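1. A structural model of the following input is requested.
(chains A and B)
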Amino acid sequence: MFMNFSAMVLRLALAVVFGFAAYVKLDNPQAFMLSIDAFDLVPEHVTKFLAFFMPWTEMVCAALLLIGWRSRAAALVLWGTLIVFIGAIISAMYRDMVLKCGCFGEYGLMCEPGLIGWCNVLQNCLLAAACVVVLFWGPGYLSVDEPGGRPKSSKADDLDD
Amino acid sequence: MAESWFRPLRFGPTGGIITQALSIIGLAAIAATVHAAFTPERKVWIDPAEGITARAPATNGEVLQPAAERKPPEPVASDPIKSNDPSNEALGSNISGDQAFALFAAGEAEFLDARYAEDYEAGHIENAMSVPYEDAAQRVIQLVADGWISPARRVVVYCIGGLCNESKFVVRALLEAGFDPAMVHIDDGGYPAWEASGHPTQTGPDFTQETP
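-> Take a look at the predicted model:
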């Protein structure tokens, strides 16, 4: 019961956080495009695509997490996204680049919306940990996948088939 | 036997986790493509600038007048200012805080503050003009029309330092307004470095927006 409740809370929290992040980025894709460009990791034409693709990925995942349908897959995608973010931030810090995160536009979640730093890495690690819980436990209560939470039967492994 | 905490990640033709994840990525890619297709193309990327020049510091503290009433800068044949960030060669026009101050002291450049208006009012480079990046294109057009900036004079854009994104927006707006990339620079140090160096600053609203 505790894990089902925890998974539900984490799932909904992830939905809100990534839904908001996606909204901020989609509201001003050019700002996010410049944020990506500043990391100097991908060529120009890829940057433009990523400026739309990444927020839409977050938005789709947030919507799925909110209703609890295909939650584990959405958590897996977000986990992968966060790993990429963490790698990009550490890469920029290693190269002594002074950059703004662009994670939540002008807003901050856990860190001040200023220059990137270890706070952003920690923040993304915590979000990634929440994704791992949803990924390996399930969506918890109040989800389309499992309205009553994760069943005790080992047949639960068949949830996604 | 106790139930395993972990559930496996499996491929499956109809519903495996990884297959579902790929479906989500595909859906997001389609949405992104459609969104991008309906978003107006705007040039974001700044052309390389070469031959950026500056003279030694001279005078300071002049009363600012519209650029149209000032004498255009004379060509200078000193060493070019080069980007101080090798990783940012594509920009080419970013300059150090010291180089920005040299242009400021020589009265050779207009300074544009790309931060939010509240940050500008809390403190900005003396005589800098506020060009919040969100309204960069409109503000640049207005400043040119009012004669506060001119393609004939250098422009230094700054925000919070580093390769901050706000400056790039304003630079892009300047280039779209017809400014020569060689005359547009980003102050790599930004306002924090300028303030920390003890260079002239002031507070309050943008003088170009006050009642004439």
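
2. Who are the packing partners of the longest helix along chain A?
-> Ranked by number of residues, the top helix in chain A under DSSP state H is helix A:2-27. With contacts defined as 3 or more Cβ pairs under 8 Å, 6 or more residues apart in numbering or on different chains; DSSP states H and E, the packing partners of helix A:2-27 are helix A:44-67, helix A:71-94, helix A:118-137. (Glycine included, C-beta is placed from N, CA and C.)

3. where are the low-confidence patches of the chain?
-> By default, I'm working from chain A. The model of chain A has pLDDT under 70 over residues A:98, A:105-106, A:114, A:152-161.

4. You answered for a different chain; I wanted chain B.
-> Scanning chain B with the threshold set as pLDDT under 70 gives B:1-15, B:40-93, B:162-164, B:210-212.

5. Pull up the gap between the residue nearest in space to the middle of chain A and B:Gln142, please.
-> Central residue of chain A (Cα atoms, centre = their mean): A:Leu78, 4.1 Å from the mean position. Separation of A:Leu78 from B:Gln142 (Cβ to Cβ, to the nearest Å) stands at 42 Å.

6. and what of B:Glu108?
-> For B:Glu108, the distance to B:Gln142 - Cβ to Cβ - is 23 Å.

7. For those two, work out which one has more neighbours and name it.
-> For B:Glu108 versus B:Gln142, neighbours defined as other Cβ atoms under 10 Å in any protein chain shown are more numerous around B:Glu108 (19 against 15).

8. Look up how far B:Glu195 lies from that one.
-> To B:Glu195, B:Glu108 is 21 Å away according to Cβ to Cβ.

9. what does A:Val132 give?
-> For A:Val132 relative to B:Glu195 (Cβ to Cβ), the value is 43 Å.

10. swap in A:Ser35?
-> Applying Cβ to Cβ to A:Ser35 and B:Glu195 gives a distance of 24 Å.

11. domain ranges for chain B?
-> The record's domain parsing of chain B by automatic domain parsing lists B:8-39, B:52-209.

12. Can I get those in a markdown table including distance to chain A?
-> Formatted as a markdown table, these follow (distance: least, Cβ to the nearest Cβ, whole Å):
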| stretch | distance to chain A |
| --- | --- |
| domain B:8-39 | 3 |
| domain B:52-209 | 3 |
